[in-house]
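Trainee: Based on what follows, work out the 3D shape:
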Amino acid sequence: MGKDPKVERKLKKIYGLLEKEFGDLGWWPAESGFEVIAGAVLTQNTSWKNVEKAIKALKRDGSLGVNEIISMRAPRLSRLIRSAGYHRVKARRLKNISRFVADECGGRLGKLKKRDVGRLREALLEVNGIGPETADSILLYALDKPVFVVDAYTRRIFARHGLNPESAAYDEVQAFVHEHFPCDAAKLKQFHALLVEAAKAFCKKKRGHCGRCPLKNT
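Mentor: Predicted coordinates:
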């Protein structure tokens, strides 16, 4: 896939219009890198409001940490994160990713940040329960690696603006963005966040509010 100047300009325009609409979104809201990692697992198949409740419950219990989650009995962890849905499955996944962090860097995320992004992504994808979107969310938001996170909101907006078919594979959409948009972690964070907000506000699944959308003329 070669660079297409028209596509580069279009993505830049989309980014600019959405940033003008929503401003600097400052994603991911968290007090620590591990909180981002836990949130990336908890947000699978649920809304962020439900994740916030689960994160608060873990914090109140003093359990939002690598060693705390590893040592906690699964039923108790499951109860604490019940609000996030699929709580038994997610409890296992939280334990899996916590063991990964402990084994790979002793809980010190700074060590992970120094590792090659490609190999680190491969290692994350080997963790049971961690798929591409979760792995890339961890890489981008917790470890500041320049990888674009593809989600349903991105697919919808890109499809409706003639950039990718909504059925395009995850890696295909990601490679498309990496090819045509600056590979800068801060910009990729903001771009992903802007697309999420735009989809929630205007580009809804069943019926888009195209007349009010800042992207209506792109």
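
Trainee: Could you use CA atoms for every contact and neighbour count after this?
Mentor: Noted.

Trainee: Just the element for the spatially most central residue of the chain, please.
Mentor: For the chain, the residue nearest the mean C-alpha position is residue 137 (3.3 Å; Cα atoms, centre = their mean). Element membership of residue 137, judged by DSSP states H and E, is helix 132-137.

Trainee: mean confidence score for that helix?
Mentor: Averaged across helix 132-137, the pLDDT comes to 98.

Trainee: chain center to that helix: distance?
Mentor: Distance, stretch centre to chain centre, for helix 132-137: 6 Å (Cα atoms, centre = their mean, to the nearest Å).

Trainee: who does the helix or strand just after it touch, helix- and strand-wise?
Mentor: On the C-terminal side of helix 132-137, the closest following helix or strand by DSSP H and E is helix 152-160. Secondary-structure packing of helix 152-160 (3 or more Cα pairs under 8 Å, 6 or more residues apart in numbering; DSSP states H and E): helix 185-201.

Trainee: Just give the number of residues close to residue 111.
Mentor: Neighbours of residue 111 under the rule other Cα atoms under 10 Å: 12.

Trainee: What number of residues are in the vicinity of the closest residue to it other than its chain neighbours?
Mentor: With Cα to Cα, 6 or more residues apart in numbering as the measure, residue 105 is the residue that lies nearest to residue 111, at 5.8 Å, once sequence neighbours are left out. By other Cα under 10 Å, 13 other residues sit near residue 105.

Trainee: per-residue confidence at residue 105?
Mentor: Looking at residue 105, the pLDDT reads 95.

Trainee: Report the separation between it and residue 90.
Mentor: 22 Å (Cα to Cα, to the nearest Å).

Trainee: Okay, domains of the chain per the record?
Mentor: 5-26+148-212, 33-142 (automatic domain parsing).

Trainee: if you average pLDDT over the shortest one, what comes out?
Mentor: So the one you mean is domain 5-26+148-212. Mean pLDDT, computed over domain 5-26+148-212, is 95.

Trainee: Now do the end-to-end distance for it.
Mentor: 27 Å.

Trainee: How far off centre is that domain?
Mentor: In terms of Cα atoms, centre = their mean, the centre of domain 5-26+148-212 is found 13 Å from the chain centre.

Trainee: Same question for the longest one.
Mentor: Using Cα atoms, centre = their mean, the mean C-alpha position of domain 33-142 is found 12 Å from that of the whole chain.

Trainee: let's have the chain start at 26 instead
Mentor: Got it, the first residue is 26 from now on, which makes the last one we talked about domain 58-167.

Trainee: how long is it end to end?
Mentor: 5 Å.

Trainee: Verify the stated contact: residue 240 with residue 40.
Mentor: No. In this structure, residue 240 is not within contact of residue 40 by Cα atoms under 8 Å, at 9.6 Å.

Trainee: Can you give me the distance of residue 127 to residue 136?
Mentor: For residue 127 relative to residue 136 (Cα to Cα), the value is 11 Å.

Trainee: How about the secondary structure of residue 56?
Mentor: Three-state call for residue 56 (DSSP: H, G, I helix; E, B strand; the rest coil): coil.

Trainee: buried set for stretch 105-116?
Mentor: 105, 106, 107, 108, 109, 110, 112, 113, 115, 116 (16 or more other Cα atoms under 10 Å).
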